[in-house]
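Trainee: output the structure for:
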Amino acid sequence: MEYVKKKNSCFLLVLFSFSFSHSQYRGYDSLLRIINNHLEDDTVKLEMLARITDNCPSNEAAMQHANNGLALSQKLHHKKFSIRFTHIIGNVFYNMGNYAKSLEYYLKEEKLIEPGDKRRLTSVYNGLGNVYSAMQNYDKAIEYYREGIVVLDSMGSKYIRNHSSFYNNLGLAYFSKKNYNEAVNYFLKVIKLEDGPYATGDAYSNTGDVYFERKSFGTAIEYYKKALSLFEQMGMSQRVSSAYNNIGKVCLAQNNFTEAEQYFTQAIEKIKGTANEVLLVSYDGLSKTNAGLNNYKDAYEYHKKYSDLKDTILNAESSKQIAEMQTKYETEKKEQQINLLNKDKELQDAQLNRQKIIIWTVAGGFLIVLVLSVFIFRERKKSEKLLLNILPFETARELKAKGKASPRYYENVTVMFTDFKGFTTIAEKLSAEELVSELDFLFKKFDEIISKYNIEKIKTIGDSYMCVSGLPTPNSNHAGEIVKAGLEIQNWMIGQNGKWSLRIGIHSGAVTAGVVGDKKFAYDIWGDTVNTASRMESSGEAGKINISGATYQILQGFENLEGLVFAHRGKIPAKNKGEIEMYFIDRV
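Mentor: Purely as a prediction, here's the structure:
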């Protein structure tokens, strides 16, 4: 009899292993019933529970089964499975983005591991490295990745390919620290190991990223194409699409807009419209590419697709949770109805209660309607005020009247960009709360200053501030107004005697303006004028205002230039723009 039980346990274990390896069996509840009702071998039971947990379709289910497995293994004093389930819980918390809890369980696992269990030790070191990397503590992550490699080295040549995961993670950590020499060194080590097409292809792609950041575009394309070739051989459509996007972004950086458009389009065709982050990159690339080709209508359409998809991705998880809650509610509601139908007395009581509810509902209905009307009126006022904070008045009025706002072309406007010098260095010394508070204080002052002039704030991007004069209402003095605002901002910044110093760039020309997004409205502008204004900022100096030759020429057409001084800088190289006439401007 004992032999039969063990034989059945082994048979079920083999069956479950086959089912999971082929991703054909998803009856988790049925599996759990079989485990609980028909298995007496505790080791096999724990093994099956661990495999079920590893293959759960949701983090919530995985967490439930992992906690059950941990409780059972602790009850049976089975240390091996206690360690295994502790690691699984750490993984699930990591996948859920709860890095503090993930770290807690990985450290618990490290204490449980026997000194001689090197394979388990490398696994926990990799997990700890991943958590610290996700928390952007790259030095700590590198420390754990290196410890993992030391343990692997002590295990002999049999485990040489296991190094690839650590090498890749180390490369990514160094890449995030902008230590590109070390990053590419580790990615090349992964390539040398030849640990399968996934690892090698990703290493090719990561190496391409390094050379792209170094602006070695020819070498970057070379590695991206190697990754593309591997992914195409394996039929890995998602990675193929990412490779097309990567090559497209290099072409875009080189102003090779026609070829960039081809690669971004191929990326979309490869994944057949699947709504994910890869498609998001393609839409963004095509928006910028068409702007470069002066196809502003197509640029706007792709930017709108980009914005809509971004909203969809951000809301997907929330929608899923709401759907699960609604399903649970509907199920419980139906069960209650069935129970009422099966019991006459309870049904009668329910009918009486329902009548009472109707009576009270009618009696209180008028009061509720009155309260709701007042509430809706107040909320509508709040909504209108919020809409005007987001959109220009004319655009908001059109949006309310028609349900949409048409994009418009403006031939003469002036765009201003600001950016803080050494922002990254300063930000590293501040807490998140301190950093946000500082930026909020500074940007509120910028808002206050531009509100004195005929200037429309567009958006803030990190530590960058963008605004434009000359739209939505045309303004013949758009260049003069924005220069005055820029000088006032720069003078105020100098008067602060603080840690921040500001670069300001200004350029004049044509733009297309419109509203993107259905769920989260955003008023934005596009065109070469925007890109050139950004280059004016990045080509300037802290504490100064750098204007283009185009803005300078417009300003010369006005008589009220008393007190302004222009310092001609000559033709200055600007990224992706060639040489542009530039001037520093200040008051006497």
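
Trainee: give me the mean pLDDT for stretch 413-432.
Mentor: For stretch 413-432, mean pLDDT rounds to 87.

Trainee: next one: stretch 167-175
Mentor: The pLDDT scores in stretch 167-175 average 92.

Trainee: repeat for stretch 202-220
Mentor: Taken as a whole, stretch 202-220 has a mean pLDDT of 92.

Trainee: not counting its own residues, what contacts that stretch?
Mentor: With CB atoms under 8 Å, 6 or more residues apart in numbering as the contact definition, stretch 202-220 has outside contacts at 164, 168, 171-172, 175, 178, 180, 183-184, 187-188, 190-191, 221-224, 226-227, 230, 239, 242-243, 246, 249-250, 253-254. Placement of C-beta: from N, CA and C, glycine included.

Trainee: buried among those residues? Make that a PyMOL selection.
Mentor: Here is the PyMOL command that selects the buried residues among the contacts of stretch 202-220 (16 or more other CB atoms under 10 Å):
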select buried, resi 164+168+171+172+175+180+183+184+187+188+190+191+221+223+224+226+227+230+239+242+243+246+249+250+253
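
Trainee: and the closest residue to Ile547 other than its chain neighbours, helix, strand or coil?
Mentor: Leaving out its chain neighbours, the residue that sits closest to Ile547 by CB to CB, 6 or more residues apart in numbering is Ile506, at 4.5 Å. Per DSSP: H, G, I helix; E, B strand; the rest coil, the local secondary structure of Ile506 is strand.

Trainee: isn't Ile506 right up against Glu481?
Mentor: No. Look at Ile506 against Glu481 with CB atoms under 8 Å: they stay out of range, at 11.0 Å.

Trainee: neighbour count: the two, which is higher?
Mentor: More crowded of Ile506 and Glu481, by other CB atoms under 10 Å: Ile506, with 30 against 19.

Trainee: which residues are in contact with each of Ile506 and Glu481?
Mentor: Thr414.

Trainee: for the stretch 151-300 of the chain, give me the ranges with low pLDDT.
Mentor: 161, 273-275 (pLDDT under 70).

Trainee: span of stretch 552-563 from start to end?
Mentor: Terminal residues of stretch 552-563 lie 15 Å apart, using CA to CA, to the nearest Å.

Trainee: could you pull out the strands for the stretch 101-250 of the chain?
Mentor: Using DSSP state E, counting those that start in this stretch, no strands are found in the stretch 101-250 of the chain.

Trainee: hey, C-alpha coordinates of stretch 408-421 in PDB?
Mentor: Extracted as PDB, the C-alpha positions of stretch 408-421 are listed here (Å, rounded to 0.1, in the frame of the first residue of the first chain):
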ATOM      1  CA  ARG A 408      -4.400  74.900 -35.100                       C
ATOM      2  CA  TYR A 409      -1.400  76.200 -37.000                       C
ATOM      3  CA  TYR A 410       0.200  79.500 -35.800                       C
ATOM      4  CA  GLU A 411       2.700  81.100 -38.100                       C
ATOM      5  CA  ASN A 412       4.400  83.500 -35.700                       C
ATOM      6  CA  VAL A 413       4.900  82.700 -32.000                       C
ATOM      7  CA  THR A 414       7.900  82.700 -29.600                       C
ATOM      8  CA  VAL A 415       8.700  79.700 -27.400                       C
ATOM      9  CA  MET A 416      10.800  79.800 -24.200                       C
ATOM     10  CA  PHE A 417      12.400  76.900 -22.400                       C
ATOM     11  CA  THR A 418      14.100  77.000 -19.000                       C
ATOM     12  CA  ASP A 419      16.300  74.400 -17.300                       C
ATOM     13  CA  PHE A 420      18.300  74.200 -14.100                       C
ATOM     14  CA  LYS A 421      22.000  73.700 -14.300                       C
END
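
Trainee: tell me which residues in it are buried?
Mentor: 410, 412-420.

Trainee: turn those into a markdown table, including distance to Ala62.
Mentor: What follows is the buried residues of stretch 408-421, written out as a markdown table (distance: CB to CB, whole Å):
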| residue | distance to Ala62 |
| --- | --- |
| Tyr410 | 53 |
| Asn412 | 59 |
| Val413 | 53 |
| Thr414 | 55 |
| Val415 | 49 |
| Met416 | 50 |
| Phe417 | 46 |
| Thr418 | 47 |
| Asp419 | 44 |
| Phe420 | 43 |
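
Trainee: of all those, which two lie farthest apart?
Mentor: Across these, no pair lies farther apart than Asn412 and Phe420, at 29.2 Å, counting by CB to CB.

Trainee: sorry, back to before: check what pLDDT the residue nearest to Ile547 gets.
Mentor: Taking Ile506 on its own, its pLDDT is 96.

Trainee: kindly report the same for the one 3 residues further on.
Mentor: If you check Gly509, the pLDDT there is 93.

Trainee: numbering from 36 from now on, please.
Mentor: Fine by me, first position is 36 from now on; the one you just mentioned is Gly544.

Trainee: test my guess that it contacts Gln588.
Mentor: No. With contact defined as CB under 8 Å, Gly544 does not reach Gln588; the gap is 11.2 Å.
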